[in-house]
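**Q** Fold the following and give me the result.
(chains A and B, ligands or ions: 1)
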Amino acid sequence: MRFALSEDQRALRDGVRELLAGECPPALVRAAWTDPAAAARSLWAKLTALGIAGAAVPTARGGLGLAACDVVPLLEEAGRAAVPLPILETAFVAAPLLAQDAGATPALERLLAGELLVACALDGATGVPYGAIADLVLVSAGAADGLAVHVLDAGSACRPERSIDHARAVARLLTPPSVDRRPLALTHGERVAAWHRGVVGCAAELVGLGRTLLARTAAYVKERHQFGVPVGSFQAVKHHLADGLLALEFAAPAVLRAAWSIDRGCASVGRDAAMAKALASEAAERVARIALQCHGAIAYTTEYDLHLFAKRVWASSRTWGSAEWQRGRVAVALGLQLD
Amino acid sequence: MDLTYTETEQAFRTQARKWLQANVPRGLRSGDTAEGFAQHVEWEKRLFDARWAVVSWPERYGGRDASLWEWLIFEEEYYRAGAPPRVTQNGIFLLAPTVFEYGTPQQQDAILPRMAAAEDLWCQGWSEPGAGSDLAATASRAVRDPAGGWRLTGQKTWTTRGAFCTHLFGLFRTDPASERHRGLTYFLVALDADGVTVRGFERLDGDEGFAEVFLEDVHVADDAILGGVGEGWRVAMSTTGSERGLTLRSPGRFMSAAERLIELAQARGSDVTPLLRDRIVQAWIDAEAYQLFTLGQVTKIADGGSPGAESSLNKVFWSELDIRLHATALDLLGAGAELDGPWMRGFLFALAGPIYAGTNEIQRNIIAERLLGLPRT
Ligand SMILES: Cc1cc2nc3c(=O)[nH]c(=O)nc-3n(C[C@H](O)[C@H](O)[C@H](O)COP(=O)(O)OP(=O)(O)OC[C@H]3O[C@@H](n4cnc5c(N)ncnc54)[C@H](O)[C@@H]3O)c2cc1C
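**A** This next block holds a predicted model:
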């Protein structure tokens, strides 16, 4: 038993953290608010140079062949920096799926070269995060666990919409999507695994977002003075922040465990992924609330950076299954069906 | 990453499970009554005879030299088997780690085997009428006896099972001129010594689980001091770390309670509303999250780290989880919940969790100040 990242996993994660600290500062996230495509392309080129696009693609198909336990910490970093890119969707969900179907090889090759961003609409919702800047969109013709996965041209399948988080470049799936090609040739297991990767990856991003929100808030309340003292010396403020840390510290291990269950193909993977997402969504939402409250009015403006992270939480905590929906999955796994 | 147990660890689990299945007693009275306490001590002696009382201790003290992982496994099996609460816990889980860390070899040899065998039964004498959260306000004092040793005077209170235990560990002020954390010393006292008066009184559940301990000029020898004169605060902090963290409340306890909650829900069938179902699932998820958190923590300890202020995260989480778990069970039971049954008893006990072992307000202060670096007030 050993429940911690290996040295290699930590080194990889730290490398990505460092890269994003330099290449994806809040200024870039802010730039993505006005021109999401331009910001996304420049950042994606740098991440592709690291091999991120093919991180979860088997080496035989030109990727890095990394496991979920390697990639999930990287997605937490993506969340930490509020990366304005469908990095989860492209690298962790779509790329391994495209790699399963020989017919999709041209798309896979372009993806690995960093020429292709992929959005996902696998959770049955019609809003597609990053649909407005993606080249392709994966849609499932069926329920959440995925009946058939189709690859569509994002341009013709979606119409841009406005998210509260402009950097998410959300689009609406046109109904009914014109599915004129054959679906990806996938086994049921492969489709379900893709769903789990999406759920767990999104949970990791939410934990990362929460960590940034909490760190920024802790820094702020040490600096901001009222009544002649830092506001962080007030116990009400301290307890809010303590609650935020508690929520994150008890969500993060569940996310990492779910990654392990994916890698091992554990029978409990569905339950573990659902539990991870439920905890991560709630933790991130909670921290976002706390961050706003402990900053006061300064956080209630778009001129201050905090909203870039908070809005990402509000935008993404319900994708890939809301906390409540995921708890419903856990209920089923525990044999607690309602009559 | 490796979330599997080795074959040796699995064999250890099987062995523990088998023994517990065959030996766990049923229907004991509450360990917070005189009669029930005696029954629980009998059980502790059986555990000791079969070398299951203190699995992580060295063999020479009655343990199995078990790793922390094996200890976690044992705890899981212990609660899964529905075995009785450990009336020895304040000794084996709180005092013992401190004795291992600060005791002289002579003290270790004198204290630990008798503790493991449930011959000596230890209670914790921190709180005083004027020193609850503010432990540094300890007023009980110790003065040197010119003829050798020390003389202790003062009052301890809220002492769990003090009326049934044989020994007490606690802080006494050895430097009358000192203030706050300085000048305190950690003493070990036999409760049958001259000058000790113990008065038991009822806790919320109606059992005599609390006691006041009055000390009047009680003589103890020099070797009743653990860790040196004036070192009491530092020594005591190692005990409180154990109390908040893993050792007092291992995840097995909450996981088995969550399993029982699910069984209760399944038995109630269609009485389970969607809202209640969601709370049940949430409670189960939280118990599982606590388990996962502790696996990370044990990995850190196995790598040579120490949990430090992180044990405050454990404390807040397990105590609030315990209340949610039991409150959910009561709501499942509905109007019948008021009956004096295990869930109601469990609920009443859970309500104490955010108070003892350092209140959760104090823990949140520690989390904010020591883990997030916020300024002290
Ligand atoms: C079931 C149970 C078993 C116990 N067993 C033992 C035992 O075996 N041995 C022993 O020594 N003690 C024991 N205790 C006592 C326990 O340690 C104390 O209750 C605890 O330390 C709190 O002290 P207090 O009760 O005096 O509350 P107080 O310290 O008076 O606190 C009252 C309220 O004020 C709040 N408060 C106090 N200071 C602060 C602060 N700085 N910031 C914010 N809020 C604050 C507290 O959080 C609490 O809500 C037990 C208690 C219970 C309930």
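**Q** hey, where'd the strands end up in the chain?
**A** This is for chain A. Taking DSSP state E as the criterion, chain A contains strands spanning A:118-121, A:127-128, A:136-140, A:149-153, A:158-160, A:171-173, A:225-226, A:229-230.
**Q** Switch to chain B, please.
**A** B:122-125, B:141-144, B:150-156, B:167-173, B:184-190, B:196-201, B:210-220.
**Q** Quick check: closest non-adjacent residue to residue B:6.
**A** Using CB to CB, 6 or more residues apart in numbering or on different chains and skipping residues adjacent in sequence, the residue nearest residue B:6 is residue A:1, 7.9 Å away. Using the backbone N, CA and C atoms, a C-beta is placed for each residue, glycine as well.
**Q** count of residues packed around that neighbour?
**A** Residue crowding around residue A:1 was assessed by other CB atoms under 10 Å in any protein chain shown; the count is 18.
**Q** any idea how chain B splits into domains?
**A** B:7-87, B:122-232, B:245-371 (automatic domain parsing).
**Q** Tell me which of the ones you listed lies nearest to the ligand.
**A** domain B:122-232 (1.8 Å; CB to the nearest ligand atom).
**Q** tell me how far the closest one is from the chain's mean position?
**A** With CA atoms, centre = their mean, to the nearest Å as the basis, domain B:122-232 stands 18 Å off its chain's centre.
**Q** Kindly report the same for stretch A:241-252.
**A** 19 Å.
**Q** Please tabulate the domains of chain B in TSV, including the columns mean neighbour count and mean pLDDT.
**A** TSV is the format used below for the domains of chain B (neighbours: other CB atoms under 10 Å in any protein chain shown; pLDDT from 0 to 100):
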stretch	mean neighbour count	mean pLDDT
domain B:7-87	17	97
domain B:122-232	18	97
domain B:245-371	19	94
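**Q** so who does residue B:259 touch?
**A** Contact analysis of residue B:259 by CB atoms under 8 Å, 6 or more residues apart in numbering or on different chains lists residue B:80.
**Q** what's the answer for residue B:59, then?
**A** Applying CB under 8 Å, 6+ apart, we find residue B:59 in contact with residue B:65.
**Q** Tabulate the strands of chain B (a markdown table), appending distance to residue A:201.
**A** Shown next, in a markdown table, are these (distance: least, CB to CB, whole Å):
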| stretch | distance to residue A:201 |
| --- | --- |
| strand B:122-125 | 46 |
| strand B:141-144 | 59 |
| strand B:150-156 | 53 |
| strand B:167-173 | 50 |
| strand B:184-190 | 50 |
| strand B:196-201 | 55 |
| strand B:210-220 | 51 |
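**Q** Residue A:255: which of these is closest?
**A** strand B:122-125 (37.0 Å; CB to CB).
**Q** Spell out whether that closest one and the ligand are in contact.
**A** Yes: if you take CB under 6 Å from any ligand atom as the test, strand B:122-125 does meet the ligand, through B:123-125.
**Q** Flag the shaky bits of the stretch 201-339 of chain A, pLDDT-wise.
**A** A:338-339 (pLDDT under 70).
**Q** residues touching residue A:299, list them.
**A** Here residue A:299 is in contact with A:291-292, A:306-307, A:310 (CB under 8 Å, 6+ apart).
**Q** Which member of the residues you listed is positioned nearest chain B?
**A** The shortest approach to chain B among the contacts of residue A:299 belongs to residue A:291, at 12.6 Å (CB to the nearest CB).
**Q** So that closest one is in contact with residue A:213, correct?
**A** Yes: counting by CB atoms under 8 Å, residue A:213 is a contact partner of residue A:291 at 4.2 Å.
**Q** Tell me the residues that contact both of those two, please.
**A** Counting by CB under 8 Å, 6+ apart, the residues touching both residue A:291 and residue A:213 are A:244, A:306, A:309-310.
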